[in-house]
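S.K.: Here you go, sequence then predicted model.
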Amino acid sequence: MAGTATEDVKVLGLALSPFVIRVRIALRLKRVEYEFVEVRFAEPKSEILVKSNPVYKKIPVLLHRGKPICESTVIVQYIDEEWTDGSGSSSILPADPFDRAIARFWAVYIDDKLLALIWALRPEKEAAKVTELTRQFRQVLGLLEEAFPECGKGKGFFGGDAVGYLDIALGSCLGWIRALEKDKSVKILDAEELPRLAEWAERFMAEESVKGLVPEADEYPKLYAAAVASQ
Amino acid sequence: MARAAAEDVKVLGHLLSPFVIRVLIAFRLKRVEYELVDVRLAEPKSEILVKSNPVYKMIPVLLHRGKPICESAVIVQYIDEEWSDDGGSSSILPADPFDRAIARFWAVYIDDKLPYLIRALRWEKEAAKVTELVGQFRQVLGRLEQAFTECGKGKGFFGGDAVGYLDIALGSCLGWIMTLEKGKSVKLLDAEELPLLAGWAERFLAEESVKGLVPDADEHLKIYEVATARTSATPAA
């Protein structure tokens, strides 16, 4: 199934951002070509970023025919709806309204809990606090481990047979999870404690639509330093 | 256009919550009957709440055929998709993907800023801090004032000719906005500063789908004072 031409599709972002990764995976799933524009996120921010996301000045921003769309979950749903094929075969959100609601709920949960834990754990040096944050992290993932069979209906992804909305929401965070496990010498996505998620993670990272979009664990320190560096 | 019968549709929550109001407006728009079930939010929380929303234990929860759906934005979209009619005439989200993205973006913005500001302002007693919060509130509404024309395309609602997703997201907060204005003697939705929003608010509150769901300021204040007193008191056994 050949994809559509570029049609002026730009993604403003940085490779290490889970939110940006989500958008890129979604575009890959739809086989939509796009231009990835790396922007300056630390002050002074890139002009194109400030202009296209004046409210938040954050990444990702999708520019389609020059019109900006912001907020990763909003963008992913836009991609799903804009590049739709009648049979729904490359659909990112599930077809059934209830399944969609469940996928959306868990994505809200991930953005509420998991991202906050990533940002909290990253700079944390005190051992006791690292242990506590790791415990909270595992608790959050534990709920997703439990939700996996219901969402995926026994198949290999939260979205069933193929990568879907919730796979993208969680999978985009795997790079940071691995990076933190390495940097802090902790186990977060523990295969013994979270067997379904551990297997799902391997499957996810091997997908064509994902390959190369999630940086390796040891790339994160350098990518992060570059992202926050002042000019 | 008569609609389907109740079909076991329950909403856990009460009218003091903008998030609950959103769900009820959505049902009204789709002409779906529902049962509103008040639940205990202070510990010990109602069992049905804990059972149907174990992750957050918050309202609203929609129970449709016994299956729970949580988070107001998720519920409203579920309602839009589950009770869709092919003509799209009672569609809550706009038809065009870009318009949907814009509506969703501003709804995310509202949920990012307003609940915090409402809560903070409600409990703030220090005059200088109240002024600061009022300033932030007006700034947030200012952005929505600017967005109004683009979203509504010159019509009367953010959704165009009819109440839509973004109208519901913001309109559900009007009760609290009016209560805080009265309770704190401040101006948040100032008609001079925000003429488009002021006109929109009047229109919104006059809609059939909204009438009776957003308590007026005096009634709201009464419920609010009772709830505030109840929250401060130790819970009954």
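M.R.: The structure has been received and is ready for your questions.

S.K.: Show me which residues of chain B are close to chain A?
M.R.: Those residues of chain B that sit near chain A, judged by C-beta under 8 Å from any C-beta of the partner chain, are B:55, B:64, B:67, B:69-71, B:73-75, B:77-78, B:81-82, B:97-98, B:100-102, B:104-105, B:108-109, B:143. For glycine as for every other residue, the C-beta is placed from the backbone atoms N, C-alpha and C.

S.K.: Which of these fall within helices?
M.R.: Those of those mapping onto helices are B:73-75, B:77-78, B:81-82, B:97-98, B:100-102, B:104-105, B:108-109, B:143, per DSSP state H.

S.K.: Please check these and keep the buried ones.
M.R.: Among these, those classed as buried by neighbour count (16 or more other C-beta atoms under 10 Å in any protein chain shown) are B:73-75, B:77-78, B:81-82, B:97, B:100-102, B:104-105, B:108-109.

S.K.: Pull the most distant pair out of the residues you listed.
M.R.: The two members of those with the most space between them (C-beta to C-beta) are B:Glu82 and B:Tyr109, at 25.7 Å.

S.K.: Distance-wise, check A:Ala162 relative to A:Pro94.
M.R.: Distance, A:Ala162 to A:Pro94, using C-beta to C-beta, to the nearest Å: 10 Å.

S.K.: now swap in A:Ala169 and tell me
M.R.: Counting by C-beta to C-beta, the separation of A:Ala169 from A:Pro94 is 13 Å.

S.K.: Within range of chain B, give me the residues from chain A.
M.R.: Residues of chain A lying near chain B (C-beta under 8 Å from any C-beta): A:55, A:64, A:67, A:69-71, A:73-75, A:77-78, A:81-82, A:97-98, A:100-102, A:104-105, A:108-109, A:143.

S.K.: Can I get the buried ones among those as something I can paste into PyMOL?
M.R.: Command for PyMOL, covering only those of the residues of chain A next to chain B found buried under the criterion 16+ other C-beta under 10 Å:
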select buried, chain A and resi 55+64+69+70+71+73+74+75+77+78+81+82+97+100+101+102+104+105+108+109
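
S.K.: Of the residues of chain A next to chain B, which belong to helices?
M.R.: Among the residues of chain A next to chain B, the members falling in helices are A:73-75, A:77-78, A:81-82, A:97-98, A:100-102, A:104-105, A:108-109, A:143 (criterion: DSSP H).

S.K.: by contact count, what packs against the helix or strand of chain A with the lowest mean pLDDT?
M.R.: Lowest on mean pLDDT, DSSP states H and E among the helices and strands of chain A sits helix A:220-228, with a mean of 94. On a contact count with 3 or more C-beta pairs under 8 Å, 6 or more residues apart in numbering or on different chains; DSSP states H and E, helix A:220-228 meets helix A:174-184.

S.K.: Give me the below-cutoff pLDDT ranges for the chain.
M.R.: No chain specified, so I'll use chain A. A:1-7, A:86-89, A:231 (pLDDT under 70).

S.K.: Actually, chain B is the one I wanted.
M.R.: Short version for chain B, where the test is pLDDT under 70: B:1-7, B:86-89, B:228-237.

S.K.: Tell me how it divides into domains.
M.R.: By the assignment in automatic domain parsing, chain B contains the domains B:9-82, B:97-224.

S.K.: What's the end-to-end length of the last one?
M.R.: With C-alpha to C-alpha, to the nearest Å as the measure, domain B:97-224 spans 39 Å from end to end.

S.K.: neighbour-wise, which of A:Ala162 and A:Pro94 wins?
M.R.: Between A:Ala162 and A:Pro94, counting by other C-beta atoms under 10 Å in any protein chain shown, A:Pro94 is the more crowded of the two (22 against 16).

S.K.: Using the three-state scheme, assign that one.
M.R.: Using DSSP: H, G, I helix; E, B strand; the rest coil, the structure places A:Pro94 in coil.

S.K.: so who does it touch?
M.R.: Counting by C-beta atoms under 8 Å, 6 or more residues apart in numbering or on different chains, A:Pro94 touches A:100, A:103, A:159-160, A:164-165.

S.K.: Look up how far chain B lies from it.
M.R.: 11 Å (C-beta to the nearest C-beta, to the nearest Å).

S.K.: Pick out the residue nearest the middle of chain A.
M.R.: Closest residue to the average C-alpha location of chain A: A:Ser172 at 2.8 Å, with C-alpha atoms, centre = their mean.

S.K.: looking at it, that one is touching A:Leu16, isn't it?
M.R.: No. Counting by C-beta atoms under 8 Å, A:Ser172 does not reach A:Leu16; the two are 10.7 Å apart.

S.K.: And the residue most central in space within chain B, how close does it get to B:Val23?
M.R.: The centroid of chain B falls nearest to B:Ser172 when counting by C-alpha atoms, centre = their mean (2.8 Å). Separation of B:Ser172 from B:Val23 (C-beta to C-beta): 9 Å.
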